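1. The amino acid sequence is not available; the structure is as follows:
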């Protein structure tokens with residue numbers, strides 16, 4: 001993936017040429033101009049050379065594993081690209097040493113030329129031809145592993161039956177149907193489809209199975225299909241129009257099934273093939289593709305009874321990845337069926353997946369080779385997280401942006417581009433979704449262990465990054481990124497780390513006696529993420545990292561930041577959320593490149609932990625590039641500064657008092673891009689006069705904790721009706737009642753609604769057509785709520801319903817049976833008699849009726865915290 005390194009560097013060189021001449025050229029003395037000209041000439045030459053290199057690497061990247069000459073050349077190019085990057089970073093800081101840097105660039109350019117000549121000198125004729133042969137071998141190996149014998153496969157019965165039902169269950173009613181099976185290479189798509197195809201094809205008059213090559217041609221593909229469906233005429237020499245006509249006539253009035261296996265692009269079907277087939281037939285089309293997430297489908301059987309425990313361990317290690325299971329199964333079939341023999345294989349598997357299951361390596365690499373270089377760095381970055389680590393969307397995006405992996409395109413922000421990359425990696429099944437929010441956006445994801453092992457090997461080979469696990473044999477001499485995953489950092493002190501660009505800590509404890517010398521020798525570090533570590537202060541060396549762009553202190557015990565933080569002039573993200581900080585130093589206002597500033601203190605209240613705002617320095621109005629600012633402790637002076645931050649997308653403010661409301665409302669009106677707004681009053685009894693609040697039309701998420709003026713509440717809530725993008729609303733201490741709650745129903749686009757100590761009424765009523773898009777409803781601490789009524793046609797999209805700390809709620813919501821989309825119901829500390837009735841049931845008609853009302857809900861959970869009762873009754 002050296003193409004990715006070179007690609008990012010080409011962008012940096014172009015930016016340097018565009019920006020630096022204007023910045024320095026006009027003010028230079030003649031002798032300085034001469035040195036600068038030499039430097040820019042070197043940059044231009046390196047940029048032109050590397051552009052050509054990038055195109056070459058795109059074609060040869062996959063070949064370097066099988067050809068030593070190409071591999072050596074790629075490694076040399078990567079090393080020279082790293083040297084250029086180092087020169088560029090030094091230049092930005094030390095403008096008085098241009099002459100030396102120009103000389104260094106000339107030396108690098110000469111080595112680039114030498115490397116190219118050396119490659120051409122020793123390259124073997126016809127080398128490129130063999131790359132396709134290698135690709136074909138991998139694809140053939142993959143396909144052979146998919147056509148397993150039926151007696152060897154178990155665990156896919158449910159999915160196979162479902163697929164067969166779709167194929168033949170309603171042939172007359174549903175005449176034309178297209179089914180797509182998605183998943184990464186090796187996820188069992190072909191195995192599942194082949195099983196269903198083989199068992200149903202006799203139902204049809206014609207059946208065809210065609211594998212689509214990555215570099216397919218429409219005409220060749222149609223000829224393959226024609227041959228498979230039994231067209232006997234010579235289609236090899238037939239024109240496209242004639243071929244389509246023959247195929248349509250041949251299929252007219254027949255029942256047929258067609259499988260297109262391993263489709264890489266949607267255009268194969270939508271734009272090129274679909275229109276060929278007649279619509280007045282009974283047809284079934286199945287497409288398998290590795291470009292979208294699907295499901296885990298297959299496990300292998302065959303272990304003797306005495307080896308079942310070990311077999312379970314193998315399956316757990318493979319985590320349901322069928323191609324890994326199949327490869328291990330083939331390996332075990334060559335071993336004696338004894339515990340010692342199988343245990344030996346398992347121990348080897350723990351040490352290195354590549355040694356034990358090389359076939360997986362080859363097959364999954366087909367997916368990796370297809371990645372554009374923009375995605376390759378993002379993909380490798382995901383491997384530096386610990387095994388099974390839950391990676392959060394926002395953190396990943398911030399890392400990618402500050403590392404320089406993301407470039408703006410057109411009207412899209414860097415964050416939008418980064419989220420698109422994340423979704424693309426998920427769509428290619430290289431990452432697995434762990435959790436989605438109520439808007440179906442990815443909240444967190446993880447990387448499959450098998451894929452992570454391959455990515456780590458690739459990252460280490462290419463000097464992209466290395467994981468330190470406490471091993472005494474650690475060597476990180478040339479690595480650019482270091483992931484610390486052990487409290488025992490002593491071995492790091494023996495390693496050279498001068499080339500480091502990023503340090504990520506995933507251990508509880510960071511030994512600054514070891515880390516400080518590393519920081520002192522690594523002045524080009526751009527990322528230092530210490531999230532979750534038990535640190536209270538930072539060593540002074542941190543504030544000499546002039547190229548630092550990301551400083552992560554979230555969930556640490558940091559209680560003080562010095563004024564020296566103002567020296568970090570390249571800083572783009574300062575994440576000090578949920579720390580022990582009470583204020584930020586004045587120098588933070590000098591960090592004009594900041595895009596994200598997160599700072600909050602972690603406090604305990606009523607046995608619950610929550611974040612609170614901290615004191616911001618005057619002058620933050622200078623941080624005009626900020627996209628996120630949270631969490632500000634309100635004051636008139638700071639709110640006056642905030643009014644100048646017109647680019648904010650996320651803003652959180654706490655400790656708001658009524659006399660702040662005019663200044664706050666004025667500041668919010670200036671935020672024309674605002675998407676997330678969080679406002680918390682100084683206390684739950686503080687009444688906030690919001691009649692002047694005009695929410696931006698861009699707002700999608702609103703959190704308000706504080707009382708609303710009772711008399712003006714309907715007008716305030718109704719005034720939000722123009723905010724069509726508002727999908728998430730959380731209200732706390734709002735003092736809503738039966739009358740004012742109805743005003744919320746103008747917000748028809750809401751997907752999430754939370755009322756936390758916000759509802760004081762006895763009855764909660766949802767009329768027909770209310771909240772048509774709401775998917776999640778949470779009612780917390782409604783102490784007087786005793787009756788909930790839902791009319792038919794209300795809450796039609798509701799999936800999740802919570803009632804917590806509602807001690808007077810003795811009955812299920814009347815009309816809950818109308819909520820046909822409801823999947824989860826949680827009752828926590830409602831009336832004890834309701835929970836006990838649902839837990840145990842009885843012969844009483846009332847109990848049976850209540851249980852019948854919730855019989856359609858997949859998951860029903862009840863809880864009484866004081867009695868330590870928790871039960872899932874459905």
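-> In hand now; what should we look at? Given the structure is predicted, the values throughout are model-derived calculations rather than measurements.

2. so residue 314 touches residue 346, yeah?
-> Yes - contact criterion C-beta atoms under 8 Å: residue 314 and residue 346 qualify, at 6.5 Å. Where C-beta positions appear, they are placed from N, C-alpha and C, glycine not excepted.

3. which one of the two has more residues nearby?
-> For residue 314 versus residue 346, the count of surrounding residues by other C-beta atoms under 10 Å is larger for residue 314: 22 against 17.

4. Low-confidence stretches in the stretch 101-250 of the chain?
-> Low-confidence segments of the stretch 101-250 of the chain, defined by pLDDT under 70: 101-106, 108-109, 112, 115-116, 118-157, 172-174, 182-188, 213-216, 232-237.

5. show me where it has strands.
-> Secondary structure of the stretch 101-250 of the chain (DSSP state E, counting those that start in this stretch): strands at 153-154, 176-182, 206-211.

6. I'd like to know which of those lies nearest to residue 497.
-> Ranking the strands of the stretch 101-250 of the chain by proximity to residue 497 (C-beta to C-beta) places strand 176-182 first, at 41.3 Å.

7. List the residues that contact the closest residue to residue 733 other than its chain neighbours.
-> Excluding its sequence neighbours, the residue lying closest to residue 733 (C-beta to C-beta, 6 or more residues apart in numbering) is residue 684, at 4.1 Å. Neighbouring residues of residue 684 by C-beta atoms under 8 Å, 6 or more residues apart in numbering: 705, 706, 707, 732, 733, 757.

8. the helices in the stretch 151-300 of the chain, which residues?
-> Counting by DSSP state H, counting those that start in this stretch, the stretch 151-300 of the chain has these helices, from start to end: 157-168, 189-200, 218-228, 240-251, 267.

9. can you list those helices in CSV and add mean neighbour count and distance to residue 795?
-> What follows is the helices of the stretch 151-300 of the chain, written out as CSV (neighbours: other C-beta atoms under 10 Å; distance: least, C-beta to C-beta, whole Å):
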stretch, mean neighbour count, distance to residue 795
helix 157-168, 16, 29
helix 189-200, 22, 36
helix 218-228, 17, 48
helix 240-251, 15, 47
helix 267, 12, 40
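
10. Could you dump these into CSV with distance to residue 775 added?
-> Below are those laid out as CSV (distance: least, C-beta to C-beta, whole Å):
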stretch, distance to residue 775
helix 157-168, 25
helix 189-200, 30
helix 218-228, 41
helix 240-251, 43
helix 267, 33
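
11. Which one, of these, ends up nearest to residue 259?
-> helix 189-200 (5.6 Å).

12. Which one, of the helices of the stretch 151-300 of the chain, ends up nearest to residue 802?
-> Nearest of these (C-beta to C-beta): helix 157-168, 30.4 Å.

13. what angle do the closest one and strand 176-182 make?
-> Interaxial angle of helix 157-168 relative to strand 176-182 (axes from the mean of the first three to the mean of the last three C-alpha atoms, to 10 degrees): 150 degrees.

14. So which elements touch helix 157-168?
-> In terms of contacts (3 or more C-beta pairs under 8 Å, 6 or more residues apart in numbering; DSSP states H and E), helix 157-168 is packed against strand 176-182, helix 189-200, strand 282-289.

15. try 6 Å this time
-> Packing partners of helix 157-168 (3 or more C-beta pairs under 6 Å, 6 or more residues apart in numbering; DSSP states H and E): helix 189-200.

16. Which strands or helices does the helix it packs on pack on?
-> Here helix 189-200 touches helix 157-168, strand 282-289, going by 3+ C-beta pairs under 6 Å, 6+ apart.

17. can you rerun that using 8 Å?
-> helix 127-146, helix 157-168, strand 176-182, strand 206-211, strand 255-261, strand 282-289.

18. quick one: the shortest one to helix 218-228, angle?
-> Which is strand 206-211. For strand 206-211 against helix 218-228, the angle between stretch directions is 140 degrees (the same axes, to 10 degrees).

19. All set now, cheers.
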